[in-house]
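Engineer: just need the structure, nothing else, for what follows:
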Amino acid sequence: MKIHRCPVCEHAQLKPFLQRSQVPVHQNLVVTRQDAARTVTRGELDLVICEACGFVFNQAFDLSRLSYGEDYDNTQSCSAYFDAYLDGLVQDMVERQGVRNCTIVEVGCGKGHFLKKLVNYPGANNRGFGFDPSYVGPLTDLNGRLQFRTCYYDQSCTDIAADVVVCRHVIEHVPEPLQILRSVRAALASSPKARVFFETPCVEWILRHRVIWDFFYEHCSLFTADSLGLAFRRTGFAVERVEHIFGGQYLWLEARVADVDETLPATRETVQLAMAYAADEQKLREVWLARLRDLGQSGKVALWGAGAKGATFANLVDPDCALIDCVVDLNPNKQGRFIPGTGHPIVAPADLPVRGVCNAVLMNPNYRQENLQILAEAGIELNLIDWSE
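Structural biologist: Okay, here's the model as predicted:
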C-alpha cells in the first residue's frame, strides 16, 4: 500500500521523480548459485520527494519482502581505506567529542566492528552494548566491556544508562524513520544527558552527481541534511551539528536529548535537483550502455565493487550479463558468489587477468587509490575507470 504522507513531516506535498519496476529487494545478499541469484525477491521502486521538508522515500516499499539474515553481508571493512575511515570517525568521537568513560549503545551494530573500535580505543575506558537482531557471534568480548544483544533497542532497554548512542547506516533501511528515533528517545528516558551520533547517505550528493546506482530498494528513506535534522527535532532531540563526510556521500549528525522547535527547512533546491535527475535518468542509463559497449571493444569489462552500488548498476544496465563479465570485490565472503538479480559472478582481483578483463568501472571513486595500489602490487594491468572524472 502506497504512503501518501511524508513519514518525516506528515505533509502530503509529494512529488514522484523515479520509478523502477521489479528491482531486487536485496543488494547485499550472498547468493551461492547463479540460478538462485536470478530468481531473488523483487519489488517496486517508486521514489518521491516531500516538497515540504525534502525527505525522499520509496512510496511503494514493502518491508515484508526483505529478510536480513545470515546470507546478508554489507561488510565494508575488508577495504583498508574504509577501515581507516572508521578509525578516523572513532578518533574524532573520542578526541573531539570526548567520548571517554562512557557507556555506548550501538543500534544496528552488525558484526560489532565499529563498536569494538570505540570500546577498544586506547585510554578511552569505554564500555559498549551492541543491539542487532541479526548479530551472530560471541555475546561478550573485551573482558566483558563489550556486550551484544540480539534484539532491537527500544524502551525495554532503559536498564542501560547510555551516555552515547551510535547508529550508522540503519535509518535509511527504515520506512518509518521517526519510529526508530522515538524508540531511541524512549530508551534514553533515564539518560537525560545522552548524546546521539547518526550516519546515513546524503540524497543531495546522489542527485547532484547523478549517481543512478545509488537509488535501490533497501534504502527506502533518504535524507538531506535539513530533513535529517527535522526528523530528530520532531522526536525529542536538539541537533548540534549535521555535516557531510566521506567525500560528501554521507551525513553525520550529532544531537542530544531535548525538546526543540520543529521549523520546516527550505527545500526548493533539493526538489529542483530531484526533478532534474528525473528528466535525465533514462539518458544517463543510455550513456552508460554506450560506454560499456565501447569499452567491450578492447576486452572484457568488469565492475569494481559488489556492494549495493555494483549490484544496482549491474541490474540497471546489464540484466542479461551481456556487457559485464564479472564484478570484483575484496570481501572473501562474496568471492565465488553471484550478484542478486543478474547472476554476474563475483571474483577476487587476482582472477581478472585469467578472465581476460581489461577494463573495470569503479563504483565508488573514494576507493580509487587503494585499488590502484592493489593492482600494482599484484602486477595486474587494468584500466580502472573512475566515473566521477
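Engineer: now V301: which helix or strand?
Structural biologist: Assigned by DSSP states H and E, V301 falls within strand 300-304.
Engineer: who's in contact with the next helix or strand after that strand?
Structural biologist: Sequence order places helix 308-317 as the next helix or strand after strand 300-304, per DSSP H and E. Residues from elsewhere that reach helix 308-317 (C-beta atoms under 8 Å, 6 or more residues apart in numbering): 20, 23-24, 27-28, 74, 211-216, 218-219, 285, 288-289, 292, 303-304, 323-324, 327, 329, 339-342, 344, 361, 363-364. Any C-beta I mention is one placed from the backbone N, CA and C, and that applies to glycine too.
Engineer: how far away from the center of its chain is helix 308-317?
Structural biologist: 14 Å (C-alpha atoms, centre = their mean, to the nearest Å).
Engineer: so that helix versus strand 300-304, what angle?
Structural biologist: Counting by axes from the mean of the first three to the mean of the last three C-alpha atoms, to 10 degrees, helix 308-317 lies at 140 degrees to strand 300-304.
Engineer: so after helix 308-317, what's the next helix or strand?
Structural biologist: Beyond helix 308-317 in the direction of the C-terminus, DSSP H and E gives the next helix or strand as strand 326-328.
Engineer: what does that following strand rub up against?
Structural biologist: 302-306, 310-311, 314, 339, 344-349, 351-352, 355, 357, 360.
Engineer: mind giving me the PyMOL select for these, buried ones only?
Structural biologist: In PyMOL syntax, the buried subset of the contacts of strand 326-328 is picked out as below (16 or more other C-beta atoms under 10 Å):
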select buried, resi 302+303+304+305+306+310+311+314+339+344+345+346+347+349+351+352+357+360
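Engineer: one step back: what pairs with the strand holding V301, parallel or antiparallel?
Structural biologist: The strands beside strand 300-304 in its sheet (DSSP bridges) come out as strand 326-328 (parallel), strand 357-362 (parallel).
Engineer: deepest in the core, which of these is it.
Structural biologist: strand 326-328 (a mean of 26; mean count of other C-beta atoms under 10 Å).
Engineer: export stretch 144-153 to PDB, keeping only CA atoms.
Structural biologist: Output of stretch 144-153 as PDB, limited to C-alpha atoms (Å, rounded to 0.1, in the frame of the first residue of the first chain):
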ATOM      1  CA  GLY A 144      33.100  -8.100  29.400                       C
ATOM      2  CA  ARG A 145      33.400  -4.500  28.400                       C
ATOM      3  CA  LEU A 146      31.600  -5.200  25.200                       C
ATOM      4  CA  GLN A 147      28.200  -7.000  25.100                       C
ATOM      5  CA  PHE A 148      25.800  -7.800  22.400                       C
ATOM      6  CA  ARG A 149      22.000  -8.400  22.400                       C
ATOM      7  CA  THR A 150      20.200 -10.000  19.500                       C
ATOM      8  CA  CYS A 151      17.200  -7.700  19.700                       C
ATOM      9  CA  TYR A 152      16.100  -4.100  18.900                       C
ATOM     10  CA  TYR A 153      17.000  -1.200  21.100                       C
END
